[in-house]
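Undergrad: Got a predicted structure plus its sequence, pasted below:
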Amino acid sequence: MTTLYTKHKTLLLLCFLVAFQVNAQFSNVSSTAGITMTHDGEAVSEFMDVGSGVAWFDYNNDGQQDLYITMRTGANYLYENNGDGTFTDVANAANAQDASGDGAGVVTGDFNNDGFLDLYLANGTEDALLKNNGDGTFSDITSGSGLEVTGDRRGTSASWGDYDDDGYLDLYVSHHRPVALGAYDITEVQDFLFHNNGNETFTDVSSLLGISDLQGHGFIGGWTDFDNDGDRDIILINDCIAEGVGAGTEGTKIFRNDGGTDGVSDWTFTEVGHSMGIIDPEDPTISDCRNGMGIGVGDFNRDGWIDFYYTNIGNVVLFKNDGDGTFTNVSNSAGVETQAAHYFSWGASFVDYDMDGYQDIITAIGSLDIPAMINPQPNMLFKNNGDETFTDVAGSLGINDNNKTRHIVHADYDNDGDLDFLVHNYGETPMLMENTINNGFHYLKVSLSGVESNSYGIGAKLKLTLADNSVQYFETRSGSNLGGGDDINPYFGLGTNETVLEMEITWPSGTVQVLENISADQVFSVLEDESLPIELASFVAVQKEEKVLLDWTTISETNNAYFSIQRSANGGTFEEIGRLTGAGTSTETLNYEFIDEAPLKGNNYYRIRQTDFDGGASFSEIRNVVFESTSIAINIAPNPVHDQNFTLSYSGGKSVASFVIYDIFGKQIQSGIIQNNASKEISTTGFSNGMYVIRVLGDHVDYTEKLLINQ
């Protein structure tokens, strides 16, 4: 009986393994691709296995995604993509080894706008800025750049973002507890914010964020416009070391960008995380912060508002952006609270791995060398079900390895239209996981070239409307994944859609560009449009009875195709409610009107998008009308008036209203006020016989009535 059971159990196991191999849709191709290095972290005696980084980027602009990997004690790797599925390490020839640095985080970005992606290395001791010379080589220009970050601190991540919209990328650098684990002052692990001066030098402006807020144990500070106000904010994920020497209990921070006139001297950031509902933890009796490590930034429910996902020891956390200045922890209802209590999760990112149009979440998980640690700890890939819930499918896809993973970064390295993963393991060999899913879905990759904005359009927002009328949103960023970065170019899974009806790009400069009827399955290149089709002189919106009137005036139009009238209930996500044809090219003063026949109850935010025949566009300022169905009643009796008086009655509005009487030539004859639900007797002494107009204006009310006097 025992033997029979054993045979059956073995057979079942073999069947399971065969089924697993058939269903697995990511394949480890590291060996055939030539990525055979081993991370040297195991050679370092340290309590925390921290200090590794990996980033995808096209360093030589040949259209192939290359790979940079940092090392602790040895030279870093720059794997050049040969375009045939293989890679060659060219770090030595490219002068990109940084062999003397204790490697950790790496981030790519074109800091000097020369069209080539540069490297910033957040090391364990001395950081390094490697300038891409454009000829396949790099130069270390750290000395004299203002980025000489030194000291006994563990660099973890860095990220680029243009906070003052001057067209040059600024830099945030995160630091964890020092490499040496003896006694130390918490100030030794301060993070830094650097302003790009535009001449290949930087100024330390960390004080703009408040130095005390930068003295946690930072893992990643990522840039994002979470409040849709057009500028780059910062979300900072800190580790919680609540006890012992050098303890630091700074929780998650959100630095809201409140603007200024000079990016160095008078810019304002306000820390608003706790007030917005980003609370660490929900049970404050445990400690003052979570063990935050990595951050995923994306729009998982496709509502136009950026959501946050960040990793932890134990359960990860998903915060949904409510679009009203608050966030809600939806981790439990979304189904991502599935990790074991002592799982260590690290890097994370939103990624549409199956091209169905919904952003999934990849999570790197890996243990530390602690005897009591739970092992194994498999990576997780949460599939977005399209209903604000997720399901972990890592096992069925073959992506749930249980090495000491720290980072999982994505790019389409083989240019076949789907996104592949590089799984980077501390002290172990990385895994290049080729995406072999073949579901027939379509994609669109976008390559941005800024003109007024930074050269790669980092910080741009894209809105896609597809043939099936679904809408997707994407915000470009650099360095939001812990210790490294994904391909910075926007990528969209289109599902069964073969056409993008409209792509709206809001550049960091504020320029808005609209492009239409884009075919799927291509790399679509966009150059930032500097031209604006019209000069808008005025724009007003006012309630008139049960409708809303929009009125605007142009004093010049150049190549102006049409006006798109857009409305929003919250000021963030706008939908088109109508179009009016533009004048093409004109130097005359022209007036336009549009009636919203069915305004929303409550807030109605309106904006006018002007679009030229080449797809260039600009937006008007936003106007708000608080609409309430009032069923306004205005009554004039008698009408016509045959003696010296008539009665004006007003009801259905709010408080008091004003009234104005105009003659047929538009001249004001008389004015006054009238209470709601009241009548007012008005004398016609001095009025000539003829037609008049009475206009009553109240709270969100603009009502007119004709009056005939025939005495």
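TA: Alright, I've got the coordinates. Numbering: from 1, shown residues only.

Undergrad: Ramachandran coordinates for the closest residue to Glu593 other than its chain neighbours?
TA: In space, and not counting its chain neighbours, Glu593 is closest to Asp551: 5.2 Å by Cβ to Cβ, 6 or more residues apart in numbering. Any C-beta I mention is one placed from the backbone N, CA and C, and that applies to glycine too. The phi/psi pair for Asp551 (degrees, to the nearest 10) reads phi -140, psi 130.

Undergrad: isn't Asp551 right up against Tyr592?
TA: Yes - with contact defined as Cβ atoms under 8 Å, Asp551 reaches Tyr592; the gap is 7.3 Å.

Undergrad: the more surrounded of the two?
TA: Shown here are Asp551 and Tyr592; by other Cβ atoms under 10 Å, Tyr592 has more neighbours (17 against 13).

Undergrad: Please list all residues in contact with that one.
TA: Going by Cβ atoms under 8 Å, 6 or more residues apart in numbering, Tyr592 touches 551-554, 563, 580.

Undergrad: Same question for Ile661.
TA: 668-671, 682, 692-695, 707.

Undergrad: let's go with 7 Å and repeat that
TA: 669-670, 692, 694 (Cβ atoms under 7 Å, 6 or more residues apart in numbering).

Undergrad: Identify each buried residue in the host helix or strand of it, please.
TA: Here Ile661 sits within strand 656-663, counting by DSSP states H and E. Across strand 656-663, burial judged by 16 or more other Cβ atoms under 10 Å covers 657, 659, 661-662.

Undergrad: Spell out which strands sit alongside it in the sheet and which way each one runs.
TA: strand 668-675 (antiparallel), strand 690-698 (antiparallel) (DSSP bridges).

Undergrad: how about the last one: buried residues?
TA: This means strand 690-698. 692, 694-698.

Undergrad: again with the first one
TA: Applying a neighbour-count criterion of 16+ other Cβ under 10 Å, the buried positions in strand 668-675 are Ile674.

Undergrad: Could you tell me how many residues sit around Thr685?
TA: Using other Cβ under 10 Å, Thr685 has 7 neighbouring residues.

Undergrad: Likewise for Gly263?
TA: Gly263 has 21 neighbours, counted by other Cβ under 10 Å.

Undergrad: residue boundaries of the strands in the stretch 351-500 of the chain?
TA: Secondary structure of the stretch 351-500 of the chain (DSSP state E, counting those that start in this stretch): strands at 360-365, 380-384, 390-392, 405-411, 420-425, 431-435, 442-449, 461-466, 471-475, 484-485, 491-495, 499-506.

Undergrad: out of those, deepest packed?
TA: Most buried of those, by mean neighbour count (mean count of other Cβ atoms under 10 Å): strand 484-485, with a mean of 32.

Undergrad: Tally up the residues packed near Thr86, please.
TA: 14.

Undergrad: ok, the buried residues of strand 656-663 vs Trp507, which is closest?
TA: Ala657 (44.2 Å; Cβ to Cβ).

Undergrad: Who is the closest one paired with across the strands?
TA: Applying DSSP bridges, one finds that Ala657 bridges with Ile674.

Undergrad: Would you agree it is in contact with Tyr650?
TA: Yes - using Cβ atoms under 7 Å, Ala657 is in contact with Tyr650, at 5.6 Å.

Undergrad: what does the one helix or strand His175 maps to contact?
TA: Assigned by DSSP H and E, His175 falls within strand 170-176. Under the contact criterion Cβ under 7 Å, 6+ apart, strand 170-176 has outside partners 50, 120, 122, 127, 149, 153-163, 189-196, 202, 217-221, 234, 239.

Undergrad: and if you look at stretch 315-323?
TA: Here stretch 315-323 has contacts from 226, 278, 290, 301, 303, 305-310, 327-331, 334, 336-337, 339, 345, 363, 570, 572, using Cβ under 7 Å, 6+ apart.

Undergrad: Check stretch 160-169 too.
TA: 107, 109, 111, 113, 170-171, 196, 198, 223, 231-232, 257, 263, 267, 452-454, 458-459, 477-479, 508-509.

Undergrad: Weed out the non-buried ones from the residues you listed.
TA: 107, 109, 111, 113, 170-171, 196, 223, 231-232, 257, 263, 267, 453-454, 458-459, 477-479, 508-509.

Undergrad: shared neighbours, Ala657 and Tyr650?
TA: In contact with both Ala657 and Tyr650: 674, 676, 696, using Cβ under 7 Å, 6+ apart.

Undergrad: For beta bridges, what are the partners of the last one?
TA: Translated: Val696. Val696 has the following beta-bridge partners by DSSP bridges: Phe659, Tyr703.

Undergrad: And the spatially closest residue to Thr311 that is not a sequence neighbour, how close does it get to Thr363?
TA: Take Thr311 and drop its neighbours on the chain: the residue closest to it by Cβ to Cβ, 6+ apart is Ser345, 3.7 Å away. Separation of Ser345 from Thr363 (Cβ to Cβ, to the nearest Å) stands at 5 Å.

Undergrad: between these two, what contacts are shared?
TA: 311, 316.

Undergrad: wait, what's in contact with the residue nearest to the spatial centre of the chain?
TA: Central residue of the chain (Cα atoms, centre = their mean): Glu475, 3.9 Å from the mean position. Each residue near Glu475 by Cβ under 7 Å, 6+ apart is listed here: 224-225, 306, 461.

Undergrad: in the sheet, who's paired with it?
TA: Lys461.

Undergrad: ok, the closest residue to Asp702 other than its chain neighbours - how many residues close by?
TA: Excluding the flanking residues, the one nearest Asp702 by Cβ to Cβ, 6+ apart is Lys544, at 4.8 Å. As a burial measure, Lys544 scores 15 neighbours (other Cβ under 10 Å).

Undergrad: From Gly101, how far out is Lys544?
TA: 67 Å.

Undergrad: Next: Asp266.
TA: On the measure of Cβ to Cβ, Asp266 and Gly101 end up 35 Å apart.

Undergrad: What of Ile595?
TA: According to Cβ to Cβ, Ile595 stands 64 Å off from Gly101.

Undergrad: Between the two, point out the one with more neighbours.
TA: With neighbours defined as other Cβ under 10 Å, Ile595 and Gly101 compare such that Gly101 has more, 23 against 13.

Undergrad: what about stretch 199-208, start to end distance?
TA: The straight-line separation of the ends of stretch 199-208 (Cα to Cα, to the nearest Å) is 21 Å.

Undergrad: Okay, buried residues for that stretch please.
TA: Across stretch 199-208, burial judged by 16+ other Cβ under 10 Å covers 200, 202, 205-206, 208.

Undergrad: Put together JSON lines for those, with secondary structure, pLDDT and distance to Ile636 on each row.
TA: Formatted as JSON lines, the buried residues of stretch 199-208 follow (DSSP: H, G, I helix; E, B strand; the rest coil; pLDDT from 0 to 100; distance: Cβ to Cβ, whole Å):
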{"residue": "Glu200", "secondary structure": "coil", "pLDDT": "96", "distance to Ile636": "73"}
{"residue": "Phe202", "secondary structure": "strand", "pLDDT": "97", "distance to Ile636": "70"}
{"residue": "Val205", "secondary structure": "coil", "pLDDT": "95", "distance to Ile636": "64"}
{"residue": "Ser206", "secondary structure": "helix", "pLDDT": "93", "distance to Ile636": "67"}
{"residue": "Leu208", "secondary structure": "helix", "pLDDT": "94", "distance to Ile636": "61"}
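
Undergrad: which intervals of the stretch 1-150 of the chain have sub-threshold pLDDT?
TA: 1-24, 45-48 (pLDDT under 70).

Undergrad: let's go with 90 and repeat that
TA: Along the stretch 1-150 of the chain, segments meeting pLDDT under 90 span 1-24, 40-52, 73, 99-104, 124-126, 148-150.

Undergrad: Do a quick rundown of the strands in it.
TA: 26-28, 54-57, 66-69, 77-81, 87-89, 105-109, 118-122, 128-132, 138-140.

Undergrad: Can you say which of these is packed in most?
TA: For these, the largest average neighbour count (mean count of other Cβ under 10 Å) is found in strand 105-109, namely a mean of 30.

Undergrad: Sounds good, over and out.
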